[in-house]
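S.K.: what would the 3D arrangement of this be:
(one chain, ligands or ions: 1)
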Amino acid sequence: MSDQRTWIKNPLAVFTANALDASGGIVIQGQKIVELLTAGQQPSQPVDHIFDACESVLLPGLINTHHHFYQTLTRAWAPVVNVPLFPWLKKLYPVWARLQPEALGLASRVAMSELLLSGCTTTTDHHYLFPQGMEEAIDVQVDVVRELGMRALLTRGSMSLGEEQGGLPPEQTVQSGEVILRDSQRLIDRYHQRGEGAWMQIALAPCSPFSVTTDIMRESAQMAQREDVRLHTHLAETLDEEQFCLKMFGLRTVDYLESVGWLSDRTWLAHGIHFNDDEIRRLGAAGTGICHCPVSNMRLASGMCPTRDLETAGVPIGLGVDGSASNDASNLMYEARQALYLQRLKYGAEYVTPERVLRWATRGSAKLIGRDDIGQIAVGKQADLALFKLDELRFSGSHDPIAALLLCGAEKADRVMVGGKWRVIDGEIVGMDIKSLISRHRKAAAALIANL
Ligand SMILES: Nc1nc2[nH]c(O)nc2c(=O)[nH]1
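M.R.: From the prediction side, this is the model:
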C-alpha cells in the first residue's frame, strides 16, 4: 500500500459521525486518516495529491449490516410480491434450493456493486443456503469481495430445522449440525482477519428460530466465544415467528435467545421489531445490537423496529438493506432515507434527524459488527469514505447539504474510497463492466425460475 498523502480539500459539507470538525478536509496517508483540518487550515506536511471536494458532501463509508446477496436473483418475483414473511419464504425456498456457485458469484457482484455505488464501503452478508454443489458458497463470496475491494463480514449462515422436525424450510435446504460446524470452523481458520483494518471477517449466523435447531444455536455461540467471532441471526421480525417460538420452545423470542447463550454484545440481530419493554431493557443491558431494515419491514408488512426505545435502553442500532427478495434494492442511502421517514411516524421529526440516521448507517453499524476503526471520520480511522455531489436536478434549490442527501434522495456516490484506495470514480466502479454483469446476472436469474 502506497504511503502517499492525499488531501480531500474543502468539502462542501462533512458528516464525521462524531463531534469533530473537518470542514477544511482530511488528509489520508496509506489506508488511514491522518489529519482533520478546520476551515482555512493547511495540512501540517506536504501532500502528494489534492482532491478538490468543494462540490461534494463527505461522509464515512456507509456500513451495511444485513443482506442476502443471492436474493438479487429473485427480485420482484410475482408469486411473492404481495405476501408476508412465512408464505414468502415457503414459496422462495424451492427456488433458492436451485442456487449454484456461478449464480451466487454474479448475485454477490451485483449486490456489492449496488452497495458500493450507494456509498457503502463495508458490508455483511447472511448466506444460509448450501444445497448440493454449494458447499463452498462463502469461498465464492470471498473472491467477489476481494475483486471489488470492499471490506466484508461474511456470515456463515445455516438452516438445520427442516419441515419434518417442525421447521419452516424444506428438507433439501437444511444441513446437519456437524456439517455446519465443520464448515464454520474451516471458514474462520481460513479467512477471518483480526484487528484494526481487517478486510475480511467471518461470523456465525444460524438463520432464524424457525429454521435452526437449538443445538446449532448453542454450539454456534460456544464456537463464537472460543474463536472470538460475532453472532448474527434474524429475530423478532414477525408475529408468526413469535407464535412459532411460543409453540415450539414455550418461550418468547428474547427468552429463547437467552436460553441458547446469545443474549450478549457479541450478537447483532436483523429486524428486532416485536419486543416488549422488559425485552428491550434486557437487550440494552446485554449490549445486543439491532440492524434496522425499514424497506424489507415495510414490504413484508412485518412491523416497525422500536429504534428510540432500543437506543434509550442502550441497544446499538445499525442499518441494513436486507436481502433483495424483500427490499429489492441494495442501496444504503436509499435505505437511510426510508429509515428517516418510517421512524418519524413513530418517534417524531425532532428525534429522527438525518444526522441520527446517518449515524446508524455508519458508526452504529460499525458497533454492531464489533469495529471501532471504521464508521467515523477521525484521525487513526480507516480511510473509508463516500463523497456525494449535489449537482443533480433533485438537489437544485436545497440548502443544508447533509439534510439534502436524505431529503432530496441521494442514491449514487460520486466517489468512494476504501482503505485509502478509490473504488468509485465519477460514479463508476473502477474496472467493472456493469453492462456485462447485468447481462450475465439476468440470464442466471431467468434460469433459476425456469421450469419450476
Ligand atoms: N427478511 C428475511 N427474513 C428471513 N427470515 C429467514 O429465516 N430468512 C429470511 C430472509 O431471507 N429474509
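S.K.: residues contacting the residue in the chain that the ligand sits nearest to?
M.R.: Distance from the ligand to each residue of the chain (C-beta to the nearest ligand atom) is smallest for Ser208, at 3.3 Å. C-betas here are computed from N, CA, C, even on glycine. Residues near Ser208 by C-beta atoms under 8 Å, 6 or more residues apart in numbering: Thr233, His234, Leu235, Glu237, Glu241.
S.K.: so the second one: helix, strand or coil?
M.R.: By that I understand His234. In three-state terms, and counting by DSSP: H, G, I helix; E, B strand; the rest coil, His234 is strand.
S.K.: that one and Pro206 touch, don't they?
M.R.: No: using C-beta atoms under 8 Å, His234 is not in contact with Pro206, being 9.4 Å away.
S.K.: give me the neighbour count for the closest residue to Thr16 other than its chain neighbours.
M.R.: Excluding its sequence neighbours, the residue lying closest to Thr16 (C-beta to C-beta, 6 or more residues apart in numbering) is Ile377, at 4.0 Å. Residues contacting Ile377 under the criterion other C-beta atoms under 10 Å number 25.
S.K.: gap between Ile377 and Ile8?
M.R.: Distance of Ile377 to Ile8, computed by C-beta to C-beta, to the nearest Å: 10 Å.
S.K.: overlap in contacts of the two?
M.R.: Ile26, Leu58, Leu385.
S.K.: where does Ile26 fall, secondary structure wise?
M.R.: strand 25-29 (DSSP states H and E).
S.K.: buried stuff in the following helix or strand past that strand?
M.R.: Per DSSP H and E, the first helix or strand lying C-terminal to strand 25-29 is strand 32-37. Within strand 32-37, the residues scored as buried using 16 or more other C-beta atoms under 10 Å are Lys32, Ile33, Val34, Glu35, Leu36, Leu37.
S.K.: over to stretch 8-22?
M.R.: By neighbour count with 16+ other C-beta under 10 Å, stretch 8-22 contains the buried residues Ile8, Lys9, Asn10, Pro11, Leu12, Ala13, Val14, Phe15, Thr16, Ala17, Asn18, Ala22.
S.K.: what about those, which are in helices?
M.R.: Among the buried residues of stretch 8-22, no residue falls in helices (DSSP state H).
S.K.: dump stretch 113-127 to PDB, restricted to CA.
M.R.: This file holds the C-alpha atoms of stretch 113-127, laid out as PDB (Å, rounded to 0.1, in the frame of the first residue of the first chain):
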ATOM      1  CA  SER A 113     -21.800  -3.100  -6.800                       C
ATOM      2  CA  GLU A 114     -25.100  -1.600  -5.900                       C
ATOM      3  CA  LEU A 115     -23.900  -1.100  -2.300                       C
ATOM      4  CA  LEU A 116     -20.600   0.400  -3.300                       C
ATOM      5  CA  LEU A 117     -22.300   2.900  -5.700                       C
ATOM      6  CA  SER A 118     -24.600   4.000  -2.900                       C
ATOM      7  CA  GLY A 119     -21.500   4.900  -0.700                       C
ATOM      8  CA  CYS A 120     -21.200   1.700   1.200                       C
ATOM      9  CA  THR A 121     -17.600   0.600   2.000                       C
ATOM     10  CA  THR A 122     -18.200  -2.400   4.400                       C
ATOM     11  CA  THR A 123     -20.900  -4.900   4.000                       C
ATOM     12  CA  THR A 124     -22.100  -8.100   5.700                       C
ATOM     13  CA  ASP A 125     -23.800 -10.900   4.000                       C
ATOM     14  CA  HIS A 126     -26.000 -13.600   5.600                       C
ATOM     15  CA  HIS A 127     -25.700 -16.600   3.300                       C
END
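S.K.: returning to that earlier point: ok, His234 and Pro206, which is more surrounded?
M.R.: Pro206 (33 against 27).
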